[in-house]
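Enquirer: after the sequence you'll find the predicted model.
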Amino acid sequence: MKKVICQIFGHHYAVSKKVTHHIKEYKCIHCGNEVTTDATGNLSVLTPELQDINNTLENLYQRRHNTADHAA
């Protein structure tokens, strides 16, 4: 039934994970469809490959900002 709602009205995405300031992962609150922002800022389906890329970016982003916090 929830997929029918998305087919009629479209998805209602909510942020499920903040990878960096510019890259986020979203999940539809009705059907669970997952998307992420791509290099151009558009939404793309969250494939396993993109999920791995996002996890790597998140790790690099966290390391860089944690190191900058300790240096200050």
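Expert: Received the coordinates, thanks.

Enquirer: going forward, measure contacts between C-alpha atoms and count neighbours the same way
Expert: Will do.

Enquirer: can you pull the buried residues of the biggest helix by length in the chain?
Expert: The helix spanning the most residues in the chain, taking DSSP state H as the definition, is helix 48-71. For helix 48-71, burial by neighbour count (16 or more other CA atoms under 10 Å) applies to 50, 54, 58.

Enquirer: tell me the helices and strands packed up against that helix.
Expert: Under the contact definition 3 or more CA pairs under 8 Å, 6 or more residues apart in numbering; DSSP states H and E, helix 48-71 sits against no other helix or strand.

Enquirer: for Cys28, which residues are in contact?
Expert: By CA atoms under 8 Å, 6 or more residues apart in numbering, the contact list for Cys28 reads 11-14, 34.

Enquirer: what's the PyMOL syntax to select whichever of these are buried?
Expert: Restricted to buried positions by 16+ other CA under 10 Å, the PyMOL selection for the contacts of Cys28 reads:
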select buried, resi 11+13+34
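
Enquirer: distance-wise, check Thr33 relative to Lys24.
Expert: You called it Thr, but residue 33 is Asn. 14 Å (CA to CA, to the nearest Å).

Enquirer: who's more crowded, the two?
Expert: For Asn33 versus Lys24, neighbours defined as other CA atoms under 10 Å are more numerous around Lys24 (19 against 16).

Enquirer: ok, that one - contacts?
Expert: Lys24 neighbours (CA under 8 Å, 6+ apart): 15-18, 36-37.

Enquirer: excluding covalently adjacent residues, which one is nearest to it?
Expert: Lys18 (4.6 Å; CA to CA, 6 or more residues apart in numbering).

Enquirer: pretty sure that neighbour sits against Lys27.
Expert: No. Lys18 is beyond contact range of Lys27, at 11.9 Å (criterion: CA atoms under 8 Å).

Enquirer: more crowded one of these two?
Expert: Lys27 (19 against 14).

Enquirer: pretty sure that one is in contact with Thr37, am I right?
Expert: No. Lys27 sits out of contact with Thr37 when judged by CA under 8 Å, with a separation of 11.8 Å.
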